[in-house]
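Student: model this:
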Amino acid sequence: MKKFKVNYFFDFLIQKADMMAETLLDRIKKLAKEKNLSLSEIERNADLAKTSIYTWKTKTPNAKTLEKVANVLDTNIDYLIGRSNDPSPIDEEDDPSMFFRIDMRNVPEEDREEFKSQLRLLKDFAFKQIEEARKEQEDKDQS
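Tutor: I've put the predicted structure just below:
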């Protein structure tokens, strides 16, 4: 059993190291290939100057530019910059998987909506508990 845990830990470290080694440009190229798009097409569709994306090897683009590229590639900014390994686009502003920063790749596709629904319930419950505690404290303070 210890051997499994050690191997699992090393696999985890290797995966993290690989993730950290992948650059913004690498991720854009990877998604472009999956979607059969050239970098020029991405630049054109995102209304960017030619070869803009190649400059990101040494320069960091602003958030608005990243958002345009993410939209063209149907992904999210967190994936592009390496904060997440989940390239799924964010459909809702209050998507609970983003609220809790959960990598949804580990959740089977057929269970994702139910998983998100459960996270919404958890988030709503937490906010309700905080509000009730605040009201309780206010009532005590007034007494």
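Student: Name the single longest helix found in the chain.
Tutor: Looking only at the chain and at elements set by DSSP state H, the helix with the highest residue count is helix 112-142.
Student: What residues of that one count as buried?
Tutor: By neighbour count, with 16 or more other Cβ atoms under 10 Å as the criterion, the buried positions of helix 112-142 are 115-116, 119-120. The C-beta positions use only the backbone N, C-alpha and C, and glycine is treated the same way.
Student: could you say what helices and strands that helix packs with?
Tutor: Helix 112-142 makes packing contacts with helix 96-99 when contacts are defined by 3 or more Cβ pairs under 8 Å, 6 or more residues apart in numbering; DSSP states H and E.
Student: Okay, now the unreliable bits of the chain?
Tutor: Within the chain, the stretches with pLDDT under 70 are 1-21, 90-103.
Student: residue ranges for the helices of it, please.
Tutor: In the chain, the segments counted as helices under DSSP H are 2-21, 24-34, 39-45, 52-55, 63-73, 77-80, 96-99, 112-142.
Student: Tabulate those helices (a markdown table), appending distance to Pro89.
Tutor: As requested, those are arranged in a markdown table below (distance: least, Cβ to Cβ, whole Å):
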| stretch | distance to Pro89 |
| --- | --- |
| helix 2-21 | 19 |
| helix 24-34 | 11 |
| helix 39-45 | 15 |
| helix 52-55 | 19 |
| helix 63-73 | 8 |
| helix 77-80 | 9 |
| helix 96-99 | 11 |
| helix 112-142 | 13 |
